[in-house]
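Trainee: pasting a predicted model and its sequence here:
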Amino acid sequence: DTAVSQTPKYLVTQMGNDKSIKCEQNLGHDTMYWYKQDSKKFLKIMFSYNNKELIINETVPNRFSPKSPDKAHLNLHINSLELGDSAVYFCASSAARDGQQPQHFGDGTRLSIL
Amino acid sequence: SQQGEEDPQALSIQEGENATMNCSYKTSINNLQWYRQNSGRGLVHLILIRSNEREKHSGRLRVTLDTSKKSSSLLITASRAADTASYFCATLLGGGGNKLTFGTGTQLKVEL
């Protein structure tokens, strides 16, 4: 069973559209994250939720809105997509909110903006 | 600027050789973690070393941490073709920080 699963794996869409990426973890973790990895493989934290509470909110355009319906799910909605949003988005989870435990990553969603 | 920077950026070795990757960081840390990323996949956690630890082992992996030099190294012994991947260090800042800052990665290629 996949521990952290993201859908879709690939997302190709036009500039200006709105899209969502879904993430689910079956590890029983309380903390979940969204990261963005650019074309140079640089990985940057975007958001983190702990048991449905937002605990990390980096400097990200407000076109990006995370939503956590329960502690096993963390979705990412992106409005008015721009060319610069093209990247790989990773969801991750951890047993601890303080960074003292390993993070478990999904296989990523490759977003391409035409 | 980034907290962690790996060196070298790319490394190519023959199967059976050892591979050493280094990570330098700028500010004091609580812990440092190493992750592996295979092409087209997510990151996989390898080892977490805390600021009061100097060395940790896991199978063929050995991680050292020198807080006085603000650096860490990852040694993979007896490398295999399956070790081909990108390797990232990630730091958790000291002083109560709760987010990991990832380095730039080392791309390792192990050839048969």
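Mentor: Thanks, I have it.

Trainee: quickly run through the sheet partners of the lowest-mean-pLDDT helix or strand in chain A, with directions.
Mentor: Among the helices and strands of chain A, strand A:53-57 carries the lowest confidence by mean pLDDT, DSSP states H and E, at a mean of 91. Next to strand A:53-57 in the sheet, as set by DSSP bridges, lie strand A:43-50 (antiparallel).

Trainee: just the residues contacting the strand it pairs with, thanks.
Mentor: Contact with strand A:43-50 is made by A:30-38, A:54-58, A:60, A:64, A:66, A:68, A:71, A:74, A:76, A:90, A:97, B:43, B:88, B:98-102, as judged by Cβ atoms under 8 Å, 6 or more residues apart in numbering or on different chains. The C-beta positions use only the backbone N, C-alpha and C, and glycine is treated the same way.

Trainee: also stretch A:12-27?
Mentor: Under the criterion Cβ under 8 Å, 6+ apart, residues A:1-8, A:11, A:32, A:34, A:72-83, A:89, A:91, A:93, A:95, A:104, A:106, A:109, A:111-114 lie in contact with stretch A:12-27.

Trainee: also within reach of chain B: list those from these.
Mentor: Contacts with chain B within the contacts of stretch A:12-27, counted by Cβ under 8 Å from any Cβ of the partner chain: A:4, A:104, A:106.

Trainee: my guess is the second one contacts A:Val4. True?
Mentor: Same thing as A:His104. Yes. A:His104 lies in contact with A:Val4 (Cβ atoms under 8 Å); the separation is 5.3 Å.

Trainee: identify the contacts common to those two.
Mentor: A:25, A:27, A:92-93.

Trainee: neighbour count, pLDDT and distance to B:Thr67 for those - can I get that in a markdown table?
Mentor: A markdown table is the format used below for the shared contacts of A:His104 and A:Val4 (neighbours: other Cβ atoms under 10 Å in any protein chain shown; pLDDT from 0 to 100; distance: Cβ to Cβ, whole Å):
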| residue | neighbour count | pLDDT | distance to B:Thr67 |
| --- | --- | --- | --- |
| A:Gln25 | 23 | 98 | 32 |
| A:Leu27 | 14 | 97 | 31 |
| A:Ala92 | 27 | 98 | 26 |
| A:Ser93 | 28 | 97 | 28 |
